[in-house]
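1. A predicted structure for the sequence below; I have some questions about it.
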Amino acid sequence: MQNAFMNMFPQAEQEKIAAAVREAEKMTSGEIVPFVVGQSDHYETAEWRGGFLGGFLAFVAMTFLRNAFGDWTRFDPAGIAAATLLAGGTAMLAVRFLPGLKRLFAGPHLITRRVEQRAAEAFISEEVFATEKRTGILIFLSMMERKVIVLGDSGIHSKVRQDDWRDIIGLVVEAIRTGKPADGLVEAITRCGALLAGHGVERAAGDRDQLADDLRIRKE
């Protein structure tokens with residue numbers, strides 16, 4: 001999964017993203033920081049949920065067969081216990097390595113909470129707040145969860161409502177679903193620059209580039 005994730009952002013695509021940031025920032029004093037993670041959490045809770053369900057279903061199925069058909073099944077209590085553990089362990093591994101199952105067993109509320117926490121951590125670690133006019137903005141992609149969050153510093157938040165980012169967020173989410181996140185991010189950055197300029201976060205004389213334009217990538 002990690003190799004597939006990295007293949008979505010080869011060097012050529014990273015350069016396109018950096019170029020899009022430079023072009024967008026010609027229109028606005030906003031400092032755009034694109035940030036991508038493979039996933040925002042390991043979701044051990046999801047693995048345990050999947051393991052419990054897999055083991056429980058195996059236990060119920062074999063107990064039913066044993067009670068229904070008796071000696072024909074040859075399922076003794078020790079065999080049922082062993083099979084239950086095996087099914088539970090297999091289900092846990094499936095949840096760990098299959099993104100669709102991980103999203104299913106993690107659930108939307110846990111996923112949203114973890115992605116928001118990871119985005120906040122990225123905002124701080126990348127010092128998006130460290131601009132003279134507090135006009136830093138983070139475009140955060142969490143690939144496994146297919147979630148996108150836009151966080152603006154106070155100079156952005158005072159002029160642009162969170163709802164104004166909805167179309168841009170939707171664009172990137174759809175690009176992740178179709179396997180073209182780099183293209184979606186380039187388009188989102190371009191629209192971001194226009195949106196900021198249109199809401200009064202315009203580039204003024206003397207503005208300088210205060211945050212690096214490159215894409216930040218973290219596997220986890």
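-> Looks like it arrived, so ask away. Numbers count the residues shown, from 1 in each chain.

2. how about residues contacting stretch 152-160?
-> Here stretch 152-160 makes contact (Cβ atoms under 8 Å, 6 or more residues apart in numbering) with 30, 128-129, 131, 133-138, 195-196, 199-201. No exception for glycine: its C-beta is placed from N, CA and C like everyone else's.

3. rerun that using 7 Å as the cut-off
-> 30, 128-129, 131, 133-137, 195-196, 199-201 (Cβ atoms under 7 Å, 6 or more residues apart in numbering).

4. strands of this structure, start to end?
-> Assigned strands in the chain, in chain order: 31-37, 136-142, 147-152, 216-218 (criterion: DSSP state E).

5. rebuild the ones you listed as CSV, extending it with mean pLDDT, mean neighbour count and distance to residue 160.
-> Output for the strands of the chain, formatted as CSV (pLDDT from 0 to 100; neighbours: other Cβ atoms under 10 Å; distance: least, Cβ to Cβ, whole Å):
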stretch, mean pLDDT, mean neighbour count, distance to residue 160
strand 31-37, 96, 25, 13
strand 136-142, 96, 26, 9
strand 147-152, 95, 24, 6
strand 216-218, 92, 15, 22
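
6. make JSON lines from these and add distance to residue 103 to it.
-> As requested, the strands of the chain are arranged in JSON lines below (distance: least, Cβ to Cβ, whole Å):
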{"stretch": "strand 31-37", "distance to residue 103": "15"}
{"stretch": "strand 136-142", "distance to residue 103": "11"}
{"stretch": "strand 147-152", "distance to residue 103": "10"}
{"stretch": "strand 216-218", "distance to residue 103": "19"}
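
7. chain neighbours aside, what residue packs nearest to residue 216?
-> residue 35 (4.5 Å; Cβ to Cβ, 6 or more residues apart in numbering).

8. need the contact list for the residue sitting nearest the centre point of the chain.
-> The chain has residue 142 as the residue nearest its centroid, 1.5 Å off, counting by Cα atoms, centre = their mean. Taking Cβ under 7 Å, 6+ apart as the criterion, residue 142 is in contact with 37, 39, 40, 115, 118.
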